[in-house]
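Student: Okay, predicted coordinates and the sequence, questions at the end:
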Amino acid sequence: MNKYIKYIIVAVIFLVIIVTLVILNINKKNKDKENDEKIKIVTSFYPMYIIAENLLEGTNNTELVNMADVNVGCLHDYTLTTEDMKKVENADIFIVNGLGMENFLDKVINLNSNMHIIDSSTNIQNLIKDEDEINPHIWTSIDNYILQVKNISKELQNKDNLNEEIYKENEEKYVEKLENLKEEYLEASKELEGQKAIILNEAFEYFAQELKIEATTIKTDHEESTLSAETLKNIIDKVKEENIKIIIIDKNDNKSNAETIANETGATIYELNSGLTGSLEKDAYIKAIEENLCRFRDRP
Ligand SMILES: [Zn+2]
């Protein structure tokens, strides 16, 4: 009898193990299937991520991943890493700024030719050329940014029919907020129209264009500390000659050159937010622009 009980116990244990394994396997398969069905949307860098975050809110079966780390800042200084490549290799949709900002795009397309690329810069007008290159930092103009939101939304609607209505609604909500912000902008621009400024960070060229600031942009690749002594002297001469009162830099930039110019000329440094990096919250862009407007309203 004892012997039978032993056999039964062993048999039950085996059975339990087998059933558990089968259940685990089914769960894993279901999970894999779920992941396969999810639309993976990857954004190239921070400003695109914030737009996508707003458009994707409440969508079904989507996964949003930002490729370049938030701390990378501008893709100017960026080299595609193996780790970042992995984020794109199984993406269904890749959202980019465009205008050459993503100079690694060919490499990524080679890696994953099935992926659909959404270029946010389609139909942006009044592009600014620095020497022979188009300045790609279009999002610092609120009008451009709204167009970028609309471009991305339109293509998401085309590519992901299931969530079409949600994209439309989210676009409407976000654009309305941005349009309200634009009204504040127009107010600010009245005061700033025709004011002269030196910009030591090319990201603000579109910001200045929109606010009708008469700006001289010094090409710095976001790193104004690399200015030569000669360039610095020329800027100081220009600021004195033209009685320029405003120096614009990014609040994350090295301040040393701006301080030298300010000390020599009495001009004021405006540390603004170019929206290149920051918090991942949905309203981050709106807050960045509000921050800049406040800075100009309270100006000395
Ligand atoms: Zn840049």
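Tutor: Now that the structure is in, tell me what you want to look at. Residues are numbered from 1 along each chain as shown.
Student: Every contact and neighbour count from this point should use C-alpha atoms.
Tutor: Will do.
Student: so which strand or helix has residue 169?
Tutor: If you go by DSSP states H and E, residue 169 is part of helix 164-192.
Student: Tell me the gap between that helix and the middle of its chain.
Tutor: Relative to its chain's centre, helix 164-192 lies at 17 Å (CA atoms, centre = their mean, to the nearest Å).
Student: Tell me the buried residues in that helix?
Tutor: With burial defined by 16 or more other CA atoms under 10 Å, the residues of helix 164-192 counted as buried are 164, 166-168, 170-172, 174-175, 178, 181-182, 185, 188-189, 192.
Student: What of stretch 269-289?
Tutor: Neighbour-count burial for stretch 269-289 [16+ other CA under 10 Å]: 269-278, 282, 284-285, 288-289.
Student: what's the answer for stretch 249-258, then?
Tutor: Buried residues in stretch 249-258, counted by 16+ other CA under 10 Å: 249-250, 253, 255, 257-258.
Student: quick revisit: in the buried residues of stretch 269-289, find the pair that's most separated.
Tutor: Across the buried residues of stretch 269-289, the longest distance by CA to CA is 28.6 Å; it joins 269 and 282.
Student: Residues of the stretch 1-150 of the chain that sit close to the ion?
Tutor: 74, 76 (CA under 5 Å from the ion).
Student: For the stretch 1-150 of the chain, which segments count as strands?
Tutor: Per DSSP state E, counting those that start in this stretch, the stretch 1-150 of the chain carries strands over the ranges 39-43, 62-66, 93-96, 116-119, 129-130, 133-134.
Student: what's the fifth one in contact with?
Tutor: What it means is strand 129-130. The contact list for strand 129-130, computed with CA atoms under 8 Å, 6 or more residues apart in numbering, reads 135, 219.
Student: go on, the second one?
Tutor: With contacts defined as CA under 8 Å, 6+ apart, strand 62-66 is touched by 38-46, 49, 52-53, 56, 87.
Student: Give me the local confidence score for residue 33.
Tutor: On the pLDDT scale, residue 33 is placed at 59.
Student: Report the mean confidence score over stretch 19-26.
Tutor: Per-residue scores along stretch 19-26 average to 80.
Student: contacting residues for the spatially most central residue of the chain?
Tutor: In the chain, the C-alpha nearest the mean C-alpha coordinate belongs to residue 47, at 1.4 Å (CA atoms, centre = their mean). Neighbour list for residue 47: 139, 275-277, 285 [criterion: CA under 8 Å, 6+ apart].
Student: could you redo the last one with a cut-off of 10 Å?
Tutor: By CA atoms under 10 Å, 6 or more residues apart in numbering, the residues touching residue 47 are 66, 70, 73-74, 96-97, 137, 139-140, 145, 274-278, 280, 284-285.
Student: So which of those residues sit within helices?
Tutor: Among these, the members falling in helices (DSSP state H) are 145, 284-285.
Student: Now flag whichever of these is closest to the ion.
Tutor: residue 145 (15.7 Å; CA to the ion).
Student: Can you give me the pLDDT of the closest one?
Tutor: 98.
Student: right, and it touches residue 181 too?
Tutor: No - counting by CA atoms under 10 Å, residue 145 does not reach residue 181; the two are 11.8 Å apart.
Student: Which residues are in contact with each of those two?
Tutor: Residues touching both residue 145 and residue 181 (CA under 10 Å, 6+ apart): residue 175.
Student: that older thread, weakest of the strands of the stretch 1-150 of the chain by average pLDDT?
Tutor: Note on the strands of the stretch 1-150 of the chain: lowest mean pLDDT is at strand 129-130, with a mean of 86.
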